[in-house]
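[1] quick one, what's the 3D model for this:
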Amino acid sequence: MPNSFDWILWPIEATDFIETYWEKQFVHIRRNEPDYYRDVFSIAMFEEALVRNPPSLSWVSADQSSRTQLTPNRGYNSSDVNRAIEAFSTGSTIILDALHKHFPPLRRLCVELEGLLGIRFQANAYLTPPGRQGFRPHYDTHDVLVIQIHGSKKWRVGEEAFKYPLLAHNDIPGSRTIGSNYEEFSLEAGDALYIPRGVVHEAISESGTSLHITLGILGYTWADVVASCVARAIDGNPALRESLPLRYDRDQLDPALSERIVELIQKIAEPDNVTKSLECFMDECLKAYEGGLEGKLSTLILLESDSKLQEYRLSGANSFGEVLRDKDQVIVRCTDKEVIFPAQAEVAVRSCLEAQMAKPAELDRGNLEWSEFAVVVKRLAREGLLTAKD
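    Next up, the predicted model:
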């Protein structure tokens, strides 16, 4: 069974995508399979998410001149949802942001992608009436994967307006025009589209209503790592916290000042500071990863008693862990941790991680006794690598 990243990109191989397209150029993945993404999202799911009060509800007017945005903590309710539906009927695009925090199928998709790639993902949904446009030409400050759920949109993808933009670079002069050098194509239901950050694009729905999901890829940059080094050096070096001279002005920009700046930069670049900063940075990245939470609490409650274990159906999170054999132990290596078992548990561990709604009796325990197998199941559940349902 392919993992979620392979599934989104098919028929392009993940390695080919990374080598050829990632942060280099856009790619339109054509399939002619309208129902390809039906298990992830649909018009019915959009409506369900809408009436549930999603994290963020907004709509863009038909002429793109205004955007009304509401969030639950500002007190929006069913009457506001009805306002959004009425706005849609007059040409507005409805946008549900941050569905990865709210809607289980998209949450699971983003969590799996994060586990596979080690970077954060977000999911926003866009419902656009026939012949309408949600946004004028623009570029994003993060890479995006667009998956077309329903209907079709005519896309125009232009040139790169700004190389590797960050949030501070979201409105560079000239970035709001598509120009004359662009590619135009229809994104049909079941298709996917990858656009690197900084590339100008726009989309207009065609003869019917269009629904697509934009997966925002929130990668880390070298600037993030360097900022971590600077922050740690500031904490550990009083010289970096020292005030500039009083009456500091251009007349004082002499060689001595330049030499002082070079000296301080060298403190930031000291090997010990760089190494420890990188370790702290990676730890913070792992803390942001939320894999293995879906169903974890209910599973732990179900597995309190060994006597009922055989009644449950187990599902593993094989995409989150790589199983490695190392002498007398088996290591499940995940994005944020390593889980270690004795070597004799290898068959049982692999069987559990690959399980899909399987009863324990259907799984291969290897040479383990039932009581030993139950220990493996509970350990995987505690680590968020296995769920149980009754």
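[2] who's in contact with the helix or strand Arg260 falls within?
    Counting by DSSP states H and E, the element that carries Arg260 is helix 255-268. Applying C-beta atoms under 8 Å, 6 or more residues apart in numbering, the external contacts of helix 255-268 come out as Cys229, Val230, Ala233, Asn237, Ala239, Leu240, Asn273. No exception for glycine: its C-beta is placed from N, CA and C like everyone else's.
[3] switch to 10 Å and redo it
    Residues from elsewhere that reach helix 255-268 (C-beta atoms under 10 Å, 6 or more residues apart in numbering): 226, 229-234, 236-237, 239-240, 242, 244-245, 248, 273-274, 277.
[4] pLDDT (mean, whole number) over stretch 279-289?
    On average, the pLDDT along stretch 279-289 is 73.
[5] let me know whether Glu362 touches Cys352 as I believe.
    No: counting by C-beta atoms under 10 Å, Glu362 stays clear of Cys352, with 11.2 Å between them.
[6] mutual contacts of those two, please.
    With C-beta under 10 Å, 6+ apart as the test, Glu362 and Cys352 both reach Leu314.
[7] have a look at these two and say which one is more surrounded.
    Per other C-beta atoms under 10 Å, whichever of Glu362 and Cys352 has more neighbours is Cys352, with 28 against 11.
[8] for the helix or strand hosting that one, which helices and strands make contact with it?
    Secondary structure from DSSP H and E places Cys352 in helix 346-354. Contacts defined by 3 or more C-beta pairs under 10 Å, 6 or more residues apart in numbering; DSSP states H and E place helix 346-354 against strand 313-316, strand 321-326, strand 329-334, strand 338-342, helix 370-382, strand 386-389.
[9] so which of those gets nearest Phe121?
    strand 329-334 (16.5 Å; C-beta to C-beta).
[10] how about the closest one: buried residues?
    Within strand 329-334, the residues that count as buried by 16 or more other C-beta atoms under 10 Å are Val330, Ile331, Val332, Cys334.
[11] test my guess that the first one contacts Arg350.
    Right, Val330. Yes: taking contacts as C-beta under 10 Å, Val330 lies within contact range of Arg350: 8.5 Å.
[12] joint contacts of those two?
    Both Val330 and Arg350 are contacted by Val323, under the criterion C-beta under 10 Å, 6+ apart.
[13] where along the stretch 51-200 of the chain do the helices fall?
    Assigned by DSSP state H, counting those that start in this stretch, the stretch 51-200 of the chain shows helices spanning 78-89, 104-117.
[14] can you pull out the strands in the stretch 51-200 of the chain?
    For the stretch 51-200 of the chain, the strands defined by DSSP state E, counting those that start in this stretch cover 56-60, 67-70, 93-97, 120-128, 143-150, 152-160, 183-188, 192-195, 199-205.
[15] distance between the second one and the chain's centre?
    Read that as strand 67-70. 23 Å (C-alpha atoms, centre = their mean, to the nearest Å).
[16] how about that strand: buried residues?
    Leu70.
[17] and that strand, which strands flank it?
    strand 56-60 (antiparallel) (DSSP bridges).
[18] quick check: angle from the strand it pairs with to strand 120-128?
    For strand 56-60 against strand 120-128, the angle by axes from the mean of the first three to the mean of the last three C-alpha atoms, to 10 degrees is 40 degrees.
[19] ok and strand 56-60 relative to helix 78-89, angle-wise?
    If you take the same axes, to 10 degrees, strand 56-60 sits at 30 degrees to helix 78-89.
[20] for Phe162, give me its contacts.
    Shown in contact with Phe162 (C-beta under 10 Å, 6+ apart): Tyr139, Thr141, His169, Asn170, Ile172, Gly174, Ser175, Arg197, Gly198, Val199, Val200.
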